[in-house]
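Participant: With the sequence up front, the predicted model follows.
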Amino acid sequence: MTVDTREKILQISARLFIRQGYTATSVNQIAKETGIGKATVYHHFPDKQAIVQALLERSAVRVQQALAEVKAEADPHRQIEAIAGASLRLRSESFDLFQVIRREVPGTREKLHAQLGSVLILYAAAVTNAIRDGVEQDVFRTVDPADAARTLLCMITGLYVQVYLSGGAFPDPEQALRSMLDIFFEGIDAH
């Protein structure tokens, strides 16, 4: 029950933070929406900032799980698909929450930017290695693996930036993944 209660607190907190903002969300509201007592929330988290930290840590765990999936996969196409899919799903799931955290939670803007920067470095290394393996296996044509990885990650990051700047909704991550990977693997030239 403890793990379930903690996870439920995180889910409800994220939803409330997105809907009404971090500042406007009280621990009382979190407890009420979760269907537990305020003391139970405080048993799991000393304050709202600890809830935010746990939400950020949960995202970091998802990144590590995605990287483990990539390492377990032998096919370079599947490795790239796994990392791109994980990146798009994480951004889709966390986009609104990260915006609230970045804007409203004291001291987290720099921490969030550092965490996202670290994730990009890890993803770039994973994609670069997959492309290098694919080139060595003659699955991909000869390209600079780091340049090709940067191109794919710029496609993903560009989508994120476009949504952020336009104020639009994040597209379905699976549809965006299929479209990006089709263009990445096949290009746009007629064959």
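Facilitator: Noted; the coordinates are in hand. Fair warning: this is a prediction, and the values are worked out from it, not measured in the lab.
Participant: Can you list the low-confidence ranges for this protein?
Facilitator: Of all residues in the chain, those with pLDDT under 70 make up the ranges 1-3, 191.
Participant: ok, which stretches of it are helices?
Facilitator: 2-20, 27-34, 38-44, 48-72, 76-104, 108-136, 145-166, 173-186 (DSSP state H).
Participant: Show me what the third one is packed up against.
Facilitator: Right, helix 38-44. With contacts taken as 3 or more CB pairs under 8 Å, 6 or more residues apart in numbering; DSSP states H and E, helix 38-44 sits against helix 2-20, helix 27-34. C-beta: built from backbone N, CA, C; applies to glycine.
Participant: quick one: buried residues of the last one?
Facilitator: In this case it means helix 27-34. 27, 30-31, 33-34 (16 or more other CB atoms under 10 Å).
Participant: Check the first one too.
Facilitator: Of the residues in helix 2-20, those scored as buried under the neighbour-count criterion (16+ other CB under 10 Å) are 5-6, 8-10, 12-14, 16-18.
Participant: And the furthest pair within the residues you listed?
Facilitator: The distance between the two most remote of those (CB to CB) is 20.6 Å, for Thr5 and Ile18.
Participant: picking up where we left off before, comparing the helices of the chain, which comes out most buried?
Facilitator: When the helices of the chain are scored by mean count of other CB atoms under 10 Å, the highest mean neighbour count falls to helix 76-104 (a mean of 19).
Participant: Look up how far Thr128 lies from Lys111.
Facilitator: Lys111 sits 26 Å away from Thr128, going by CB to CB, to the nearest Å.
Participant: With Ala68 instead?
Facilitator: 17 Å.
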